[in-house]
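S.K.: Predicted model and sequence follow; I will ask about them next.
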Amino acid sequence: MNKRLIWILLTAFVLANVLAGIKVARRYQSTTDTDNQSSPMPVAAPDFPSPVDLPPAATVTKQDIAKIVCPKPLSAADWRTAIVTDSPAAIDWSGYQLSDSERQAINQSYQRQAVNLAGHFHLASWSCGHDCHKAAIINIKNGRIIALGLDDDLQTKYGWQFSATSSLLTINPDSQDSSEPTIYALVEDSGLRRICYLAQ
C-alpha cells in the first residue's frame, strides 16, 4: 500500500466521521426544536461506561505492524527524499556493545560513502557467518546509530535493498523463504518504522 493510498484512506475515514457527527447534531437539533424548551436534558443510563471506565488503548508494537501483509511489492520511488550534503558527524557509539571487528566494518563503510540511505543516513553491513548479514544505520547529522542487528531486522539471511534518495528500506528483497519474508520499513530519525511484509 503506497503512501498516497494510505493518505486517501485516512482522509476518507476522518471525513466520514465528521459527516456522521454533523448528521447526528442536526438530528438532535431538530428533535429539541419540536420539544418543550423547558424539558430537562436526558440523563445517561447509570450503567453506561464513562471514558474513565473504558480500557486503555492497546499499544501497537513493531511485531504487530510487521504482520500486516502488503498487497503488492512496494517501490522506493514512492518515498523520495533529498540528499543532505552536510559533512558527516563522528559516529556516536554510546548505547551499543560492539566488537572491534564490527566497529571496524562500520567505520570503513561510513568513511567510503557517508550518505547511502534515505537522504541523511548510512547503512553499513557486514557478514556474520553463513547466510547471515548484519547491519547498522547511522544518522549522519548527529552520528547516532538509530538501528542495529536482529531487534531492528538488521540481521538477515538475504540482505537489504535501499537507496540514498528514498526512505524505503527493503529487508530480505525477493525472498521466497516464508521464515524470512520481505519486510518494508521507512527509515526515520527515531528508527525504523515497519510498514508491511510480502506473504509467500
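M.R.: Sure, I can see it. Numbers count the residues shown, from 1 in each chain.

S.K.: Secondary structure of Ser109: a strand, I assume?
M.R.: No. Counting by DSSP: H, G, I helix; E, B strand; the rest coil, Ser109 is not found in a strand; it is helix.

S.K.: That one against Ala124, yeah?
M.R.: Yes. Ser109 is within contact range of Ala124, at 3.6 Å (criterion: CB atoms under 8 Å). The way it works is simple: take the backbone N, C-alpha and C, and place the C-beta from them, glycine included.

S.K.: Those two: who's more crowded?
M.R.: Ala124 (25 against 19; other CB atoms under 10 Å).

S.K.: Look up which helix or strand the more buried one falls in, please.
M.R.: Using DSSP states H and E, the element containing Ala124 is strand 121-129.

S.K.: what pLDDT, on average, does that strand get?
M.R.: Strand 121-129 shows an average pLDDT of 94 in the prediction.

S.K.: For the following helix or strand past it, buried residues please.
M.R.: Where DSSP H and E defines the elements, the next helix or strand beyond strand 121-129 is strand 132-139. Residues of strand 132-139 classed as buried: 133-139 (neighbour count, 16 or more other CB atoms under 10 Å).

S.K.: Would you mind giving the residues you listed as TSV with distance to Gly119 added?
M.R.: Formatted as TSV, the buried residues of strand 132-139 follow (distance: CB to CB, whole Å):
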residue	distance to Gly119
His133	23
Lys134	23
Ala135	18
Ala136	17
Ile137	12
Ile138	13
Asn139	10
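
S.K.: just those residues now: which is nearest His120?
M.R.: Asn139 (6.5 Å; CB to CB).

S.K.: Bridged to the closest one, which residues?
M.R.: Phe121 (DSSP bridges).

S.K.: so who does it touch?
M.R.: 120-121, 146, 189 (CB atoms under 8 Å, 6 or more residues apart in numbering).

S.K.: which stretches of the protein form strands?
M.R.: If DSSP state E is used as the criterion, the strands of the chain fall at 121-129, 132-139, 145-148, 155-156, 160-161, 168-171, 183-188, 191-197.

S.K.: okay if I get those as CSV plus distance to Leu98?
M.R.: Converted to CSV, those look like this (distance: least, CB to CB, whole Å):
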stretch, distance to Leu98
strand 121-129, 11
strand 132-139, 8
strand 145-148, 8
strand 155-156, 13
strand 160-161, 19
strand 168-171, 21
strand 183-188, 20
strand 191-197, 17
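
S.K.: Go through the ones you listed and pick out the most buried.
M.R.: Stretch with highest mean neighbour count among the strands of the chain: strand 168-171 (a mean of 26; mean count of other CB atoms under 10 Å).
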